[in-house]
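Novice: sequence unknown, structure follows:
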């Protein structure tokens, strides 16, 4: 089955020219958090708009240079500052006037995505995670706590947060990725852990031909292919 997926990727994707997009080079960790929460089940343009509104309101740079490592802590907007900004307004007003987005984590009994961001931030602060330099402290314990927040239970948002904050070993098993993997494997793949396993095994082989390949990069290459309107089985 692994070989089947690998051949499929090589036939459908432009792996030789694979690259990460701007969102993997945010200037500050709170931007990774906002992106990861707001990106679920929406067009990505709406996520970009939320981030633009937040960064413009607080006069924050969105991105760092692609060839740079993490920015200095002093130059970063922190998780605690995000939390404090939201606390001053209140979650509902922050969603309405700053994010200008009232989307919920689920259409059924979901909470505002803004509230999910606030609760995420509160949890990260509890474990002293404020800037990129702190992400090495992310743990299974923190993940378990984050996944108790409404709409975060699948672990997809957690994986994406890890990816945006610099971890090359995670994929984001959203509908796009699961659809692509299912097409390649010719069976339904709906489990997050199974998708991660398939991606891990594929990269272990692909890296021989594509030295820069990572799980994160393969995931993003698939996402770009699918989001441009490509069917799972059509090379762009």
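Specialist: Okay, I see it. Everything quoted here is computed from the prediction, not taken from an experiment.
Novice: per-residue pLDDT, residue 192?
Specialist: For residue 192, the pLDDT comes out at 87.
Novice: quick one: contacts for it?
Specialist: 154, 155, 156, 159, 173 (C-beta atoms under 8 Å, 6 or more residues apart in numbering). C-beta coordinates here come from the backbone N, C-alpha and C atoms, glycine included.
Novice: can you check residue 19 too?
Specialist: Applying C-beta under 8 Å, 6+ apart, the residues near residue 19 are residue 217.
Novice: Over to the most centrally placed residue in the chain: give its phi and psi.
Specialist: The chain has residue 160 as the residue nearest its centroid, 2.7 Å off, counting by C-alpha atoms, centre = their mean. Dihedral angles of residue 160 (phi, psi; degrees, to the nearest 10) stand at phi -70, psi -40.
Novice: what do you get for residue 104?
Specialist: phi -110, psi 160.
Novice: Surely it and residue 112 touch.
Specialist: Yes. Counting by C-beta atoms under 8 Å, residue 104 touches residue 112, with 5.8 Å between them.
Novice: Would you mind telling me which of the two has the busier surroundings?
Specialist: Using other C-beta atoms under 10 Å, the more surrounded residue of residue 104 and residue 112 is residue 112, with 21 against 18.
Novice: Leaving out chain neighbours, which residue sits closest to the more buried one?
Specialist: residue 95 (5.1 Å; C-beta to C-beta, 6 or more residues apart in numbering).
Novice: try residue 98
Specialist: Nearest to residue 98 is residue 57, by C-beta to C-beta, 6+ apart, at 5.5 Å.
Novice: again with residue 129
Specialist: Closest to residue 129 by C-beta to C-beta, 6+ apart is residue 137, at 5.8 Å.
Novice: ok, how many other residues are close to that neighbour?
Specialist: Residue 137: 11 neighbours (other C-beta under 10 Å).
Novice: Was I right to think it contacts residue 128?
Specialist: Yes. If you go by C-beta under 8 Å, residue 137 and residue 128 touch, sitting 7.0 Å apart.
Novice: Okay, buried residues for the helix or strand hosting residue 199 please.
Specialist: Assigned by DSSP states H and E, residue 199 falls within helix 192-206. For helix 192-206, burial by neighbour count (16 or more other C-beta atoms under 10 Å) applies to 192, 195, 196, 198, 199, 201, 202, 203, 206.
Novice: And stretch 52-72, by the same measure?
Specialist: Residues 54, 55, 60, 62, 64, 70, 71 are the ones in stretch 52-72 that count as buried (16+ other C-beta under 10 Å).
Novice: Run through who's touching that stretch.
Specialist: Stretch 52-72 is contacted by residues 22, 25-28, 31, 34, 51, 77, 85, 98-100, 131-133, 166 when judged by C-beta under 8 Å, 6+ apart.
Novice: how about a cut-off of 7 Å?
Specialist: Contact partners of stretch 52-72, identified using C-beta atoms under 7 Å, 6 or more residues apart in numbering, comprise 22, 25-28, 31, 34, 51, 77, 85, 98-100, 132-133.
Novice: and those residues, which are buried?
Specialist: Neighbour-count burial (16+ other C-beta under 10 Å) is assigned, among the contacts of stretch 52-72, to 25, 26, 27, 28, 31, 34, 51, 77, 85, 98, 99, 132.
Novice: Can you tell me the SS state at the spatially closest residue to residue 105 that is not a sequence neighbour?
Specialist: Sequence neighbours aside, residue 151 is the residue nearest to residue 105 in space, at 2.4 Å (criterion: C-beta to C-beta, 6+ apart). Look at residue 151: counting by DSSP: H, G, I helix; E, B strand; the rest coil, its state is coil.
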